[in-house]
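Colleague: Sharing a model that was predicted from the sequence below.
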Amino acid sequence: MNIPKRILVVISGRHTEHPALERALKFAEFNDVHIHLFNSIYEPVMELTDVLSSEHRKEMKNQYMADRYLYMDTLADVLDKKAISCSVNVAWHRELHEAIEEIVDELEPDLVIKRISADASTINPFAMPVDRHLLRYCKAPLLLVRESLWVKNPILAAIDPATNDKKHIALNHSILEYSKMIAHITATQLHSVNTFETPSIGPSMEVGWANIDFESIKVDTSNAHKSKMQTLLKEHDLLSNPYHVVEGRADIAIPKLAKEIDAQLLILGTVGRTGLSGAFIGNTAEHILAKMNCDILTLKPPYNQK
């Protein structure tokens, strides 16, 4: 996996620190990259048509945009001094996620980096925070980052080696190659994880299920997943790295393991469930995001993968 060359960095407001930009600079240490700094603003006061004339609204919008470009140019100056190619764009848009999706369609970046929103932990079928929306619809690899910098903590790659679905098979390979690349530039250890679920017996199932050995099913399933995981890791020269086969729901087991190994980054795939099923069931990546305290990088299948 090559280091991304075209990186879109979403700048969130006027902060003294920009962890998304710091992550982009890490990639710049190992490759000639172009960093596109992007910011979207919108002021609801502009909707006061009964109070402000169209001329006043136009003048205010121009002033807002000029002020934000001035701030963004100060960030670009820092990159210029580091001899890093960069560009700046400020959009006027009511919805941040739509503005980001539009600039992604226009620029086709290799990677989008954004600070995790304060509302990212919200799981509400009737309201979709910006980050959850991007997890579903952003076409480019998406890196959502926390405040802290990358240090020497492990990276965790979540894969599904037991799948027969072509999209998920492609995702497995992309996840492992991307994980290897980031582990290299951060000089950190790479762990991989696979979760599986087995049927469990409850009080209402005791009658008629006595001849089924659930423990044997669990052991056999675990061994099957472990074997397939070893085969996949071997393909990517990762068999000597730590790997984990864990029973349980992915959205519970993966955050638990990430906390145990003190991971600084989780890399996983998402197929972007949409429609009513997406609204009410959600995606594994979204539920994991709500429970993680580290950075998350999500990848999607190739566009032409059937």
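Modeller: Done, it's in.

Colleague: thought residue 91 was touching residue 102?
Modeller: Yes - here residue 91 reaches residue 102: they are 7.4 Å apart, a contact under C-beta atoms under 8 Å. All C-beta atoms are positioned from the backbone trio N, CA, C, and that covers glycine.

Colleague: Comparing these two, which residue is more hemmed in?
Modeller: residue 91 (17 against 14; other C-beta atoms under 10 Å).

Colleague: Just to be sure, residue 88 is in a strand?
Modeller: Yes - Residue 88: assigned to a strand according to DSSP: H, G, I helix; E, B strand; the rest coil.

Colleague: Enumerate every residue touching it.
Modeller: With contacts defined as C-beta atoms under 8 Å, 6 or more residues apart in numbering, residue 88 is in contact with 36, 37, 38, 69, 72, 73, 75, 76.

Colleague: what do you get for residue 182?
Modeller: 155, 265, 267, 297.

Colleague: Next: residue 298.
Modeller: Residues in contact with residue 298 (C-beta under 8 Å, 6+ apart) are 135, 141, 142, 144, 267, 268, 269, 270, 285.

Colleague: so what's it bridging to?
Modeller: Beta-bridge partners for residue 298, by DSSP bridges, are residue 142, residue 268.

Colleague: For it, give its distance to residue 181.
Modeller: 15 Å (C-beta to C-beta, to the nearest Å).

Colleague: got it, and residue 14?
Modeller: 32 Å.

Colleague: out of these two, which sits in the busier spot?
Modeller: Taking other C-beta under 10 Å, residue 14 and residue 181 do not tie; residue 181 has more neighbours (16 against 11).

Colleague: That one and residue 31 touch, don't they?
Modeller: No - Residue 181 lies out of contact with residue 31 (C-beta under 8 Å); the separation is 10.1 Å.

Colleague: Pull up the overlap in contacts between the two.
Modeller: 2, 3.

Colleague: moving C-terminal of the helix or strand of the chain with the lowest mean pLDDT, what's the next helix or strand?
Modeller: None of the helices or strands of the chain scores lower by mean pLDDT, DSSP states H and E than helix 275-281, at a mean of 37. Using DSSP states H and E, the helix or strand that follows helix 275-281 in sequence is helix 284-289.

Colleague: And that following helix, what does it pack against?
Modeller: helix 130-137, helix 250-261, strand 265-269, strand 295-299 (3 or more C-beta pairs under 8 Å, 6 or more residues apart in numbering; DSSP states H and E).

Colleague: Swap in 10 Å and give it another go.
Modeller: helix 130-137, strand 142-145, strand 155-158, helix 250-261, strand 265-269, strand 295-299 (3 or more C-beta pairs under 10 Å, 6 or more residues apart in numbering; DSSP states H and E).

Colleague: List the neighbours of stretch 17-24 that are in contact with it.
Modeller: 4, 7-12, 15, 25, 33, 35-37, 75, 78-79, 84, 86, 111-116, 143-150, 182, 186, 265, 295, 297 (C-beta atoms under 10 Å, 6 or more residues apart in numbering).

Colleague: List buried members of these by neighbour count.
Modeller: Buried members of the contacts of stretch 17-24, counted by 16 or more other C-beta atoms under 10 Å: 4, 7-12, 25, 33, 35-37, 75, 79, 84, 86, 111-116, 143-146, 150, 182, 186, 265, 295, 297.

Colleague: Go through these and flag which are in strands.
Modeller: In strands, judged by DSSP state E, the following of those are found: 7-10, 35-37, 86, 111-115, 143-145, 265, 295, 297.

Colleague: Now for residue 91 and residue 102: what residues contact both?
Modeller: What both residue 91 and residue 102 touch, as defined by C-beta under 10 Å, 6+ apart, is the set residue 40.
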